[in-house]
Every structure is written in structure tokens, then in C-alpha cells.
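Novice: Turn this into a structure:
(one chain, ligands or ions: 1)
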Amino acid sequence: MHTFRDYYKNLVTLSFEDHPFSEQPKHILVICEYNGEWLLTKHSDRGLEFPGGKVEPGETAKQAAVREVHEETGGIVNAIQYIGQYVVEGKAETVFKNVYYATITRLETQSTYFETEGPVLRKELPKDMKVDQNFSFIMKDEIVPRSIEQITRTIKSI
Ligand code: GTP
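Specialist: Alright, predicted model coming up:
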């Protein structure tokens, strides 16, 4: 379990246990890999980030993850795996979010990428992501680096 403050000084707790905080979280974040590169999306307001969003009524969190990847990047998910879950104690509300790791088979060109400008591929994430104006605030705390460490330990090393 890791507890830290995010970009907005909200308290965040991350765990790699199986759904430790909520059985049915309403938010998801998907760490995507395509062809040996990280697949991000460029959110129109927030900037570069991994795809993600809210679970819609009647959907499981995993289904929402596959849908959001497609909507925001055109990416077709090959395999997707639960990695962990985090809680953000925001000023107005508490957000529960599942983190997934997905590998992508191909990118389909879309007529809309919803609130984003579509797919962005990066061989590496910058070391100075915390202060890089191009990146979204959700990329500026410990969630992404710790989740990638966990992916490397548990999946990519196999
Ligand atoms: P809309 O209802 O779509 O307008 O979304 P929103 O802007 O109300 O945000 P959302 O419900 O997704 O999240 C509410 C608050 O939780 C945000 O303003 C953030 O402070 C925080 N939050 C949401 N997701 C994350 C995240 O992945 N990381 C961090 N650190 N904070 C988050």
C-alpha cells in the first residue's frame, strides 16, 4: 500500500491487492502498450495521459477500460489485466479507480476521439513528467511509475 499527495495535494492510496477499496469502482485508468511503445491519448484540457474514464451503467470496470481505450485512441485491446486500485480523497468527492495493463493489436482511425485529440505513442515516458506541461496531472504522481514497476515485476518479466 502506498500513500502520497497528488499534484493537487489530494491524498491518494494505491494498492496492488485485488479490489481492496471498492468492488465496483466507477473510474478506470489503462496503461497501454502498442508495438513496444506506450500508447497515450492527448486530453484536450489536461494533456498527455493514459486512456481512462468513467464506468457507464451496465458495464463492468474492465469493459469500460476496453471501451475507453478504443474511444480515446482507436486502439483494439488484445489482452487486458487488472493491476491495482487507488483512492483519491478529493475536495468534493472520493474517487475509486482501477488500473489495468493492456496490450493493443492495432490502432483504428476514428472520426472522433471524444474529449481527446487521439493516440500519441512514446518509446519512453520522460523522467521529468512531473514538471512537463505537456502531461496531464494524473501522470504527475506516483500512480503511473509504481504501476509500471508492478507490471514489469509481474507480467512483462514472464
Ligand atoms: P466530469 O464529471 O467528467 O467533469 O469529471 P470531474 O472533473 O468531476 O472529475 P472526476 O469525477 O473524474 O474526478 C473528480 C476529482 O477526482 C478530480 O477533480 C481530481 O481531483 C480527482 N481525480 C480523478 N481521477 C484522478 C486520478 O487519476 N488521479 C488523481 N490524482 N486525481 C484524480
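Novice: Gln63 belongs to a strand?
Specialist: No. Counting by DSSP: H, G, I helix; E, B strand; the rest coil, Gln63 is located in no strand; its state is helix.
Novice: Relative to the ligand, how far out is it?
Specialist: For Gln63, the distance to the ligand equals 18 Å [CB to the nearest ligand atom, to the nearest Å]. (Each C-beta comes from the backbone N, C-alpha and C, glycine too.)
Novice: Quick one: neighbours of that residue, just the number.
Specialist: Taking other CB atoms under 10 Å as the criterion, the count of residues near Gln63 is 14.
Novice: And it, what's its pLDDT?
Specialist: The pLDDT attached to Gln63 in the predicted structure is 98.
Novice: again with Ile155
Specialist: In the prediction, the pLDDT value recorded for Ile155 is 87.
Novice: That one falls within a strand, correct?
Specialist: No. Counting by three-state DSSP, one finds Ile155 to be helix, located in no strand.
Novice: That one: neighbouring residues, count only.
Specialist: Other residues near Ile155 number 13, with proximity taken as other CB under 10 Å.
Novice: In contact with Thr13, which residues?
Specialist: Neighbour list for Thr13: Met1, His2, Thr3, Phe21, Tyr86, Val87 [criterion: CB atoms under 8 Å, 6 or more residues apart in numbering].
Novice: so how far is the ligand from Thr109?
Specialist: When Thr109 is compared with the ligand (using CB to the nearest ligand atom), they lie 25 Å apart.
Novice: Next, count neighbours for that residue.
Specialist: Number of residues near Thr109 (other CB under 10 Å) recorded here: 8.
Novice: Tell me the residue in this protein that is farthest from the middle.
Specialist: Ser111 (22.5 Å; CA atoms, centre = their mean).
Novice: and that residue, what does it touch?
Specialist: Residues touching Ser111, when contacts are defined by CB under 8 Å, 6+ apart, are absent altogether.
Novice: and stretch 68-77 with the ligand, contact?
Specialist: No. If you take CB under 6 Å from any ligand atom as the test, stretch 68-77 misses the ligand, and the best it gets is 12.0 Å.
Novice: thinking again about what came up before, so which helix or strand takes in the residue farthest from the centre of the chain?
Specialist: Under the criterion of DSSP states H and E, Ser111 resides outside all helices and strands.
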